[in-house]
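*Asks:* 3D, please:
(one chain, ligands or ions: 2)
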Amino acid sequence: MPRIVRVDPATLDHPSSQAALAQACELLRRGGLVAFPTETVYGLGARALDAAAVLRIFSAKGRPLHHPLIAHVADEERARELASEWPERASRLAKAFWPGPLSLVVKRASHVPAVVAGGADSLAVRAPAHPVARALLERFGEPIAAPSANRYQELSPTEASHVVKSLGDAVDLVLDAGPCSEGIESTVVDVRGDPRVLRPGPLGLAELRRVVAELAEPSGEMEAHLPRPSPGMDTRHYAPKARLEEVEGAELAVRARSYRGLRLGALVRGAWELEALVCRMPLDAHGYGQALFASLHALDDAGVEVVLVEAIPAEAAWWAIADRLTRARAG
Ligand code: TXA
Ligand code: MG
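*Replies:* Ligands and ions are numbered 1, 2, ... in the order given. Next up, the predicted model:
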C-alpha cells in the first residue's frame, strides 16, 4: 500500500496539510511519484524536468513510451517557459480558462525532456484549478508531469481509492482530497497551426470558440494526422472490465431480461426498475460526468459482466461523456 495522506482543500494552511505538501515536494525532488487531486481526475505526478522520474510514470502505468504526458504548471507564465513558441491564441485561452480543465498543446522547449512528450516536439501544458494541485505546484515551483493516475487502459481515477486500487505500491504517496469535481479529463486543444480540439472534455466547444472562433472540433479523421496515436485517441481507453452496451430507456427492461444469469449493471437516468445493479445517474451533464468513472469503478468492483448504459442526450453539453462512453464500449 502506498502512503495516503488526507489533505482538506479548505484547510491548506493547517500544519498537517503543509506537512503533507512538504513531503510530496521532497518525494518529487528525489524522483518519486506522487498522486494528487485535480478538478478533473487524479494525476500521477513526477518532476517533469527529471527524465528518470518521468520514465517511472510510464513503468508504473504500463504505458507505451510514445504516449505523451501533460506538464502541469501553476500559471501561464510558467507554461510559457516550457514552450518554444506561445501563440497569441494560447494566451487568450489561458487567460479565459486557466486555472481550469484545459490542456494546450504547444511547441516543446528544448530543455523539457522529450520523454515527457512521448518523444514528440510538442508538449501539452495545463494549469489545474484544484486548490491542492495549485498549492503543490506553487510550493514545488517546477512543472509536474502527470497523466491520469491509473494503469494503462484502465478507468481514470476520480477518488484516491481508485488510484490505490489501480497502481498500488507503484506510487510513493497519494494526496487524498476526496472526489474530483469534474470527473472527466481535461479538454485538450492543439494551438499550433490550425487550432483543433484533440480530446473533448469539461470545457465545451462553444465556450472555447467564444475565445478562438476558428477552433476545429475533434474528428476521427484528425487522428490520422497525428504522428502516432496518443492515449486519448486510442479506440480502447477508459475501459471498464465489464462490457458496455448503450440502450434506449424504454428498452432497458427487455434487454436486462435477455441477460438473465449474467451479473448485470446499469447506468440509468430515468426511473426504470431493472433486475440489475443500478447506478442512478444525475440528469445534468456535469453531474453525470462527475459520477461516471466512480460508477464504472463501483460496477467493476462488484464483478459486473455487462453494463447497460441508458442512452444520453445528443446535445453539445454531453460531448465529453459521449466520447468516454464510446471509448469504454470499444473496450
Ligand atoms: O485532466 C487531465 O488532463 C488529467 C489530469 C491529471 O490533468 N490528465 C490526463 O492525462 O488525462 P492523460 O495522460 O491520461 O491524457 C493525456 C492526453 C492524451 O490523451 C493525449 O491525447 C493528450 O493528452 N496529449 C498530451 N500531450 C500531447 C501532445 N504533445 N500532443 C498531442 N496530444 C497530447
Ligand atoms: Mg489517462
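*Asks:* Could you chop the protein up by domain?
*Replies:* Following automatic domain parsing, one gets these domains for the chain: 3-209, 243-329.
*Asks:* tell me the most buried of those domains?
*Replies:* domain 3-209 (a mean of 20; mean count of other C-beta atoms under 10 Å). (C-beta placed from N, C-alpha, C; glycine too.)
*Asks:* Any chance of the domains of the chain in a markdown table with mean pLDDT and distance to residue 216 as columns?
*Replies:* Listed next are the domains of the chain as a markdown table, based on pLDDT from 0 to 100; distance: least, C-beta to C-beta, whole Å:
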| stretch | mean pLDDT | distance to residue 216 |
| --- | --- | --- |
| domain 3-209 | 98 | 4 |
| domain 243-329 | 96 | 14 |
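*Asks:* wait, which of these is closest to ligand 1?
*Replies:* domain 3-209 (2.9 Å; C-beta to the nearest ligand atom).
*Asks:* That closest one: end-to-end distance?
*Replies:* This stretch, domain 3-209, spans 42 Å end to end (C-alpha to C-alpha, to the nearest Å).
*Asks:* For the remainder of this discussion, apply numbering that starts at 768.
*Replies:* Okay, residue one is now 768; in that scheme the one you just asked about reads as domain 770-976.
*Asks:* Tell me how far it lies from the chain's centre.
*Replies:* Centre-to-centre, domain 770-976 and its host chain are 9 Å apart (C-alpha atoms, centre = their mean, to the nearest Å).
*Asks:* is ligand 1 contacted by it?
*Replies:* Yes - applying C-beta under 6 Å from any ligand atom, one finds domain 770-976 in contact with ligand 1 at 805, 807-808, 810, 835-837, 870, 872, 884, 887, 889-891, 893, 895, 913-915, 952-953, 955, 965-966.
*Asks:* Could you pull up phi and psi at the nearest residue to residue 1084 once chain neighbours are set aside?
*Replies:* Leaving out its chain neighbours, the residue that sits closest to residue 1084 by C-beta to C-beta, 6 or more residues apart in numbering is residue 1052, at 4.1 Å. Dihedral angles of residue 1052 (phi, psi; degrees, to the nearest 10) stand at phi -60, psi -40.
*Asks:* Tell me if residue 1062 really is in a helix.
*Replies:* Yes - looking at residue 1062 with DSSP: H, G, I helix; E, B strand; the rest coil, it is inside a helix.
*Asks:* Point me to the helix or strand that includes the closest residue to it other than its chain neighbours.
*Replies:* Excluding the flanking residues, the one nearest residue 1062 by C-beta to C-beta, 6+ apart is residue 1046, at 4.1 Å. With elements taken from DSSP states H and E, the one containing residue 1046 is strand 1044-1047.
*Asks:* cool, and residue 1021?
*Replies:* Using DSSP H and E, residue 1021 falls in helix 1019-1025.
*Asks:* For that helix, what is the distance to the chain centroid?
*Replies:* 32 Å.
*Asks:* re earlier: pretty sure the residue nearest to residue 1084 contacts residue 1083?
*Replies:* No - contact criterion C-beta atoms under 8 Å: residue 1052 and residue 1083 do not qualify, at 9.0 Å.
*Asks:* neighbouring contacts of the helix or strand where residue 813 lies?
*Replies:* Element membership of residue 813, judged by DSSP H and E, is strand 810-814. Contact with strand 810-814 is made by 795-796, 798-804, 820-821, 823-824, 827-828, 837, 839, 895, 900, 903, 907, 909, 911-916, 930, 934, 938, as judged by C-beta atoms under 8 Å, 6 or more residues apart in numbering.
*Asks:* if you look at these, which of them are in helices?
*Replies:* Among those, the members falling in helices (DSSP state H) are 795-796, 820-821, 823-824, 827-828, 900, 903, 907, 930, 934.
*Asks:* okay, these in JSON lines with distance to residue 770 next?
*Replies:* Listed next are those as JSON lines, based on distance: C-beta to C-beta, whole Å:
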{"residue": "795", "distance to residue 770": "14"}
{"residue": "796", "distance to residue 770": "16"}
{"residue": "820", "distance to residue 770": "17"}
{"residue": "821", "distance to residue 770": "21"}
{"residue": "823", "distance to residue 770": "16"}
{"residue": "824", "distance to residue 770": "18"}
{"residue": "827", "distance to residue 770": "15"}
{"residue": "828", "distance to residue 770": "19"}
{"residue": "900", "distance to residue 770": "18"}
{"residue": "903", "distance to residue 770": "15"}
{"residue": "907", "distance to residue 770": "18"}
{"residue": "930", "distance to residue 770": "12"}
{"residue": "934", "distance to residue 770": "13"}
